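How does the following fold in three dimensions:
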Amino acid sequence: MRYSHRPASISVGSPITYTLVYTNLGAAVAHQVTITDVMPAEINNASVISAGAIITPRAGSRFVWDVADLGHGKGGVITITALVSSTFAGTISNTAYVATETYEQNLGNNTTGPILTTVNVPDLRISKQGPANSTSSQAITYTLDYKNIGLATAHQVVITDLLPSELISASVTFSGAITPRVGSRYVWDVTDLAPGASGKITITAIVNSAFSGTLTNTATIASATYEQDMDNNTAGPVLTTVIQVPDLRISKQGPANSMSGSTITYTLDYKNIGFAVAHQVVITDLLPSELISASVTFSGAIITPRAGSRYAWDVADLAPGASGKITITAVVSSTFSGVLTNTAYIASATYEQNLDNNIAGPVLTQVKAPNQPKIYLPLVLKG
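Down below sits the predicted model:
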């Protein structure tokens, strides 16, 4: 008896075909012939067709057939088509036997096999990267990398990202063939992934300005196809510590034009528009040296002139929303004409993410000299 099958390796849940060829090679008739196929339990939904000698399935036995008496040279073919279990991975072993009640001298060819078939499965892997630290109102980016590192195609693949609700205004870019699932937040259907196929998903979002604490983000990948290893189907959790920070803002107003010897006024407005207290705040005004006899008034937060510094003030700690105003009035030197340039700064010992609004100015003031009085000389005529 000869036994063959195809193929040598298959994917989980795939069809498989075994072919048994049997022949009486002896000179005498073989009576009460029986063929038995020790079909693996991992084989389901089998169908059998036969050609040649008449066979009869034996009642109560799985893949056992009684065969009509076989004369010299007589035999047949049994073809078994089945499906490999959708939940099996590994090696399938199949053996078949033929026997007769008639004496045989050679039993060495009454057994065929074992026939070994490797059943391959996909192995989906996903990983996720994100920042360890962030601040409120900051944009953060997560990157998901996924790949089928198995030996079979993964069907009906789904990726889910449990993006924290504290992240808003999210945008998604990706490589590979994925489709956002309608009605689901950050769930994607992925085109069947052949062995070695991969892709990347990038999510950028903004941390809610009112949030501080730890963001926890996890992503998963799954398939309708059986996987033996599920340990790499979850990425994370990625933990991001979010702190709230102050955001100091300063602005400055002053005249566009003035005259030598005249009085001009600058107004500085400052505020903490962030979500944390700003400590050790300092405001510095680079008042031009051409301005003299300056006087300063202020409202709002308490400020203290810094000893030994010209127009630098230490400001009481600024809570979120706290603000103040500084007004500087000075006289333009009577000998100066040209452009006055004035800039002011605010700074804190507390970390700020946005420093762009910590500078006010420069405020430019065009100073002109006053018009000189005209002198008229008498006209003297000589006779």
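
quick one: contacts for residue 225?
Neighbour list for residue 225: 11-13, 86, 121-122, 152-156 [criterion: Cβ atoms under 8 Å, 6 or more residues apart in numbering]. C-beta here means a position set from N, CA and C on the backbone, and glycine is covered the same way.

surely residue 284 meets residue 311?
Yes - applying Cβ atoms under 8 Å as the test, residue 284 and residue 311 come out as touching, 6.9 Å apart.

Kindly state the beta-bridge partners for the most centrally placed residue in the chain.
Using Cα atoms, centre = their mean, the residue of the chain that lies closest to the mean C-alpha position is residue 143, 3.1 Å off. In this entry, residue 143 is beta-bridged to residue 129, residue 202, by DSSP bridges.

Please renumber the chain so that the first residue is 527 from this point on.
Happy to do that; since the first residue is 527 now, the last one works out to residue 669.

For it, list the residues it contacts.
654-656, 726-729.

Also residue 873?
774, 807-808, 810, 884.

quick one: secondary structure of residue 605?
strand (DSSP: H, G, I helix; E, B strand; the rest coil).

Count the neighbours of it for me.
14 (other Cβ atoms under 10 Å).

and what of residue 675?
Residues lying near residue 675 (other Cβ under 10 Å) number 15.

hang on, isn't it packed against residue 646?
No - using Cβ under 8 Å, residue 675 is not in contact with residue 646; the gap is 12.0 Å.

Find the residue closest to residue 730 in space, skipping its chain neighbours.
In space, residue 730 comes closest to residue 667 once its chain neighbours are excluded; the distance is 4.7 Å by Cβ to Cβ, 6 or more residues apart in numbering.

how close does the one you found sit to residue 812?
Distance, residue 667 to residue 812, using Cβ to Cβ, to the nearest Å: 38 Å.

These two: which has the busier surroundings?
The neighbour count for residue 667 versus residue 812, taken as other Cβ under 10 Å, is higher for residue 812 (15 against 12).

List the buried residues in whichever strand or helix holds residue 571.
Secondary structure assignment for residue 571, by DSSP states H and E: strand 569-578. For strand 569-578, the neighbour count (16 or more other Cβ atoms under 10 Å) marks 569, 574, 576, 578 as buried.

now swap in stretch 779-792 and tell me
So for stretch 779-792, counting by 16+ other Cβ under 10 Å, buried means 780, 784-786, 790, 792.

Restrict that stretch to CA atoms and write it as PDB.
Only the C-alpha atoms of stretch 779-792 are listed here, as PDB (Å, rounded to 0.1, in the frame of the first residue of the first chain):
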ATOM      1  CA  GLN A 779       2.500  99.600  25.100                       C
ATOM      2  CA  GLY A 780       4.100 102.900  24.400                       C
ATOM      3  CA  PRO A 781       3.800 105.900  22.100                       C
ATOM      4  CA  ALA A 782       4.900 105.700  18.400                       C
ATOM      5  CA  ASN A 783       6.100 109.300  18.400                       C
ATOM      6  CA  SER A 784       7.400 111.800  20.900                       C
ATOM      7  CA  MET A 785       9.400 115.100  21.200                       C
ATOM      8  CA  SER A 786      12.700 115.800  22.900                       C
ATOM      9  CA  GLY A 787      12.100 116.900  26.500                       C
ATOM     10  CA  SER A 788       8.500 115.600  26.600                       C
ATOM     11  CA  THR A 789       7.100 113.000  29.000                       C
ATOM     12  CA  ILE A 790       6.200 109.500  27.700                       C
ATOM     13  CA  THR A 791       4.500 106.500  29.400                       C
ATOM     14  CA  TYR A 792       5.000 102.800  29.000                       C
END
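
contacting residues around that stretch?
Stretch 779-792 is contacted by residues 778, 793, 795, 811, 813, 817, 853-863, 866, 868, 889-896 when judged by Cβ under 8 Å, 6+ apart.

For the next helix or strand after the strand holding residue 571, what is the distance to the chain centroid?
As assigned by DSSP H and E, the chain's next helix or strand after strand 569-578 is strand 581-583. Taking Cα atoms, centre = their mean, to the nearest Å, the mean C-alpha location of strand 581-583 is offset from the chain mean by 59 Å.

about what we covered before: CSV please, covering the buried residues of strand 569-578 and showing pLDDT and distance to residue 714.
Shown next, in CSV, are those (pLDDT from 0 to 100; distance: Cβ to Cβ, whole Å):
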residue, pLDDT, distance to residue 714
569, 92, 35
574, 95, 43
576, 96, 49
578, 96, 54
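
Pull the most distant pair out of those residues.
569 and 578 (23.1 Å; Cβ to Cβ).

Which of the contacts of stretch 779-792 fall in helices?
With DSSP state H as the criterion, helices contain none of the contacts of stretch 779-792.

and the residues you listed, which of them are in strands?
Judged by DSSP state E, those include 778, 793, 795, 811, 817, 853-858, 866, 868, 889-894 as members of strands.
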